[in-house]
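Colleague: give me coordinates for this.
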Amino acid sequence: MKQRIVWAIVFAVAMLAGVFGGSLAFYALFAFITAACSWELMGHLFAQETNYRQWRRAIGMLLAVMPFLIFGSKLFGAFQPLEGTLEMSSYFFVASVAENAVPILMTLIMLLFIIFVLFIIELFLASGRPFDHVAHYLLGIVYVGVPFSLLIDIAHWNGNYAPLRVFGLLFLTWTNDTMAYFIGTFIGKTLFFPRISPKKTWEGVLGGIGCTFIVAWLLSRWIKDFTAVEWFLLASCIAVFGTLGDLIESMFKRSIAVKDSGAVLPGHGGWLDRFDSFIFALPFVWLALMIWEG
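Modeller: The predicted structure follows:
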């Protein structure tokens with residue numbers, strides 16, 4: 001337990017330095033996290049592959065991080081907006097559709113082109129399971145790459161980087177995960193989803209959700225980027241879909257008989273173990289804000 005707490009503090013300090021270090025630090029931090037999570041994921045997906053395993057793993061990682069790299073490069077003037085006046089609703093997407101059209105289109109074109117190249121690669125790598133391998137590449141893009149790309153939109157408001165938004169979402173996620181773990185450890189008795197997670201309890205899950213809403217209320221008093229109602233909306237998304245995201249990663253790990261996604265952080269597993277809840281909640285946070293602001 002002591003080792004787990006120490007490394008949690010080290011990890012939190014490093015994350016906060018990246019989040020509050022400015023737009024470039026945010027971009028570099030989450031590009032690294034996207035690459036690290038996808039590297040672990042691809043390592044497990046290709047664990048049984050003996051033919052060019054590391055090459056396949058590297059290709060999968062590069063594909064997963066590509067949406068984030070391409071879409072995020074607009075922060076540094078890589079793309080010029082198209083001419084147009086069509087506006088998306090409210091402050092959350094106050095930038096015009098044209099502002100994001102070029103990087104989105106470029107990402108889709110690049111990924112489509114590369115996917116067809118992958119078919120050719122599988123042909124010459126003498127793959128025995130080409131369908132499986134192409135599906136693994138696509139899973140990395142959808143499961144890891146796309147959610148972190150959506151974080152770029154959440155983190156930038158009126159063209160300006162808003163670190164408190166990122167901090168708030170991370171803090172809500174950490175609260176939900178950490179308090180569910182501690183409350184479940186000390187008073188948990190009723191199993192929540194024993195088929196997938198034999199240690200997760202209803203007491204821990206409900207305790208984590210309750211603490212997440214308390215933190216959402218505190219954040220609404222301090223961070224005015226979102227209203228109190230919006231903070232509670234975000235807390236709901238993270239409490240529900242973050243918990244499901246943790247179970248889904250556990251499901252993946254059970255299917256390939258591994259305990260942790262990696263061993264980067266002593267007592268905490270790998271990068272994917274640390275961000276499974278955050279990754280899975282991000283698309284729902286993004287969608288909730290878009291609908292609410294619409």
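Colleague: quick one: buried residues of stretch 243-253?
Modeller: Going by neighbour count (16 or more other Cβ atoms under 10 Å), the buried part of stretch 243-253 is 243-250, 252-253. Any C-beta I mention is one placed from the backbone N, CA and C, and that applies to glycine too.
Colleague: no, scratch that, I was asking about stretch 134-145
Modeller: For stretch 134-145, by 16+ other Cβ under 10 Å, it's 134, 136-141, 143-145.
Colleague: quick one: which two of the residues you listed are the most distant?
Modeller: The most widely separated members of the buried residues of stretch 134-145 are 134 and 144, with 16.4 Å between them, by Cβ to Cβ.
Colleague: which regions of the stretch 1-150 of the chain sit below the pLDDT cut-off?
Modeller: By pLDDT under 70, the low-scoring segments of the stretch 1-150 of the chain are 1-4, 76-103.
Colleague: if we use 80, what do you get?
Modeller: Filtered on pLDDT under 80, the stretch 1-150 of the chain yields the residue ranges 1-8, 47-51, 73-108, 110-111, 126-127.
Colleague: where exactly do the helices run in it?
Modeller: Remark: helices assigned in the stretch 1-150 of the chain by DSSP state H, counting those that start in this stretch are 2-19, 23-45, 53-72, 97-124, 130-140, 146-155.
Colleague: and the third one with helix 23-45, angle?
Modeller: Think helix 53-72. Angle, helix 53-72 to helix 23-45, by axes from the mean of the first three to the mean of the last three Cα atoms, to 10 degrees: 150 degrees.
Colleague: ok, the shortest one next?
Modeller: What separates the directions of helix 146-155 and helix 23-45 is an angle of 160 degrees, with the same axes, to 10 degrees.
Colleague: for the longest one, same thing?
Modeller: Taking the same axes, to 10 degrees, one finds that helix 97-124 is oriented at 30 degrees with respect to helix 23-45.
Colleague: for helix 97-124, packing partners?
Modeller: helix 53-72, helix 130-140 (3 or more Cβ pairs under 8 Å, 6 or more residues apart in numbering; DSSP states H and E).
Colleague: looking at those, which is closest to residue 171?
Modeller: Closest of the helices and strands packed on helix 97-124 to residue 171 is helix 53-72, at 21.6 Å (criterion: Cβ to Cβ).
Colleague: just the CA trace of the closest one, in PDB.
Modeller: Taking C-alpha atoms only, helix 53-72 is exported to PDB below (Å, rounded to 0.1, in the frame of the first residue of the first chain):
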ATOM      1  CA  ARG A  53       5.700  -9.400 -33.700                       C
ATOM      2  CA  GLN A  54       7.600  -6.200 -32.700                       C
ATOM      3  CA  TRP A  55       7.100  -4.700 -36.200                       C
ATOM      4  CA  ARG A  56       3.300  -5.300 -35.900                       C
ATOM      5  CA  ARG A  57       3.400  -3.800 -32.400                       C
ATOM      6  CA  ALA A  58       5.200  -0.700 -33.600                       C
ATOM      7  CA  ILE A  59       2.800  -0.300 -36.600                       C
ATOM      8  CA  GLY A  60      -0.200  -0.600 -34.300                       C
ATOM      9  CA  MET A  61       1.200   2.100 -31.900                       C
ATOM     10  CA  LEU A  62       2.000   4.500 -34.700                       C
ATOM     11  CA  LEU A  63      -1.500   4.100 -36.200                       C
ATOM     12  CA  ALA A  64      -3.200   4.700 -32.800                       C
ATOM     13  CA  VAL A  65      -1.200   7.800 -32.000                       C
ATOM     14  CA  MET A  66      -1.700   9.300 -35.500                       C
ATOM     15  CA  PRO A  67      -5.200  10.800 -35.000                       C
ATOM     16  CA  PHE A  68      -3.900  12.700 -31.900                       C
ATOM     17  CA  LEU A  69      -0.700  13.900 -33.700                       C
ATOM     18  CA  ILE A  70      -2.500  15.100 -36.800                       C
ATOM     19  CA  PHE A  71      -5.500  16.600 -35.100                       C
ATOM     20  CA  GLY A  72      -3.300  18.100 -32.400                       C
END
